[in-house]
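Student: have a look; sequence and predicted model below, questions after that.
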Amino acid sequence: MIEPEILIIPEKIMLGMSLEMSLINNKTGELFRSFMPKRKEITTAKDAFTLDIRVYPQDYYHDFNPSKTFEKWAAVEVTSYGEIPSGMRSMVIPEGLYAKFHYKGISPNPSLFQWIFTQWVPHSGYRIDHRPHFDILGPQTKLNDPNSEEDICIPIIPI
């Protein structure tokens, strides 16, 4: 499997849209279909990357259940809040330590996440921290393309 880069990611100020969902009731497509046409309305975007952000409840991984809900965001990092476009909100991803997995292939395979949480984390010397998880989607990210690339960032703290 993929070995991650361990790094401190600085605070990120984000603008975007969010929906509550679960793994069983996944609304990611709906969220991104709503957000992407409006993305160009964000005039203070820092770069061309879009983040797929997941904000899990405190106990999400302690008693895992695929029907448990979490908040998912489609957002971009901004240099300042500026004017917030209609239908969007702001959020902050605090600075912290992350395991960043560079993934290449068709949309992250659920088996990759299963491996990260059941194999890598327990043997890594880290545990999951209660901060947002996010995927960085850029020009190399293409839906249903085996050459697609993205970075998966999992918040961690040393044990």
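Tutor: Great, that's in hand. Numbers count the residues shown, from 1 in each chain.
Student: for the protein, just list every one of the strands.
Tutor: All strands of the chain, identified by DSSP state E, fall at 5-9, 12-21, 50-55, 70-77, 89-93, 96-104, 126-128, 133-137, 149-158.
Student: mean pLDDT, mean neighbour count and distance to residue 44 added to those, as CSV?
Tutor: Backbone N, C-alpha and C define where each C-beta goes, glycine included. CSV is the format used below for the strands of the chain (pLDDT from 0 to 100; neighbours: other C-beta atoms under 10 Å; distance: least, C-beta to C-beta, whole Å):
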stretch, mean pLDDT, mean neighbour count, distance to residue 44
strand 5-9, 97, 13, 19
strand 12-21, 97, 19, 8
strand 50-55, 96, 20, 15
strand 70-77, 97, 21, 9
strand 89-93, 96, 15, 11
strand 96-104, 93, 17, 23
strand 126-128, 95, 17, 31
strand 133-137, 94, 21, 18
strand 149-158, 94, 19, 22
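Student: which of these sits closest to residue 120?
Tutor: Nearest to residue 120 among the strands of the chain is strand 96-104 (7.6 Å), distances taken as C-beta to C-beta.
Student: CSV please, covering the strands of the chain and showing distance to residue 36.
Tutor: As requested, the strands of the chain are exported to CSV (distance: least, C-beta to C-beta, whole Å):
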stretch, distance to residue 36
strand 5-9, 23
strand 12-21, 10
strand 50-55, 8
strand 70-77, 7
strand 89-93, 16
strand 96-104, 20
strand 126-128, 29
strand 133-137, 10
strand 149-158, 15
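Student: how about those, which one is nearest residue 113?
Tutor: Using C-beta to C-beta, those put strand 149-158 closest to residue 113, at 8.0 Å.
Student: got the angle between the closest one and strand 5-9?
Tutor: 80 degrees (axes from the mean of the first three to the mean of the last three C-alpha atoms, to 10 degrees).
Student: name every strand pairing with strand 149-158 and say which way it goes.
Tutor: Its sheet considered, strand 149-158 pairs with strand 96-104 (antiparallel), strand 126-128 (antiparallel), strand 133-137 (antiparallel) by DSSP bridges.
Student: now for residue 143, how many residues are close by?
Tutor: 10 (other C-beta atoms under 10 Å).
Student: mind checking how far it is from residue 134?
Tutor: 18 Å (C-beta to C-beta, to the nearest Å).
Student: what of residue 4?
Tutor: Taking C-beta to C-beta, one finds residue 4 at 14 Å from residue 134.
Student: on that earlier part again, and the strands paired with strand 149-158: which comes nearest residue 70?
Tutor: strand 133-137 (9.2 Å).
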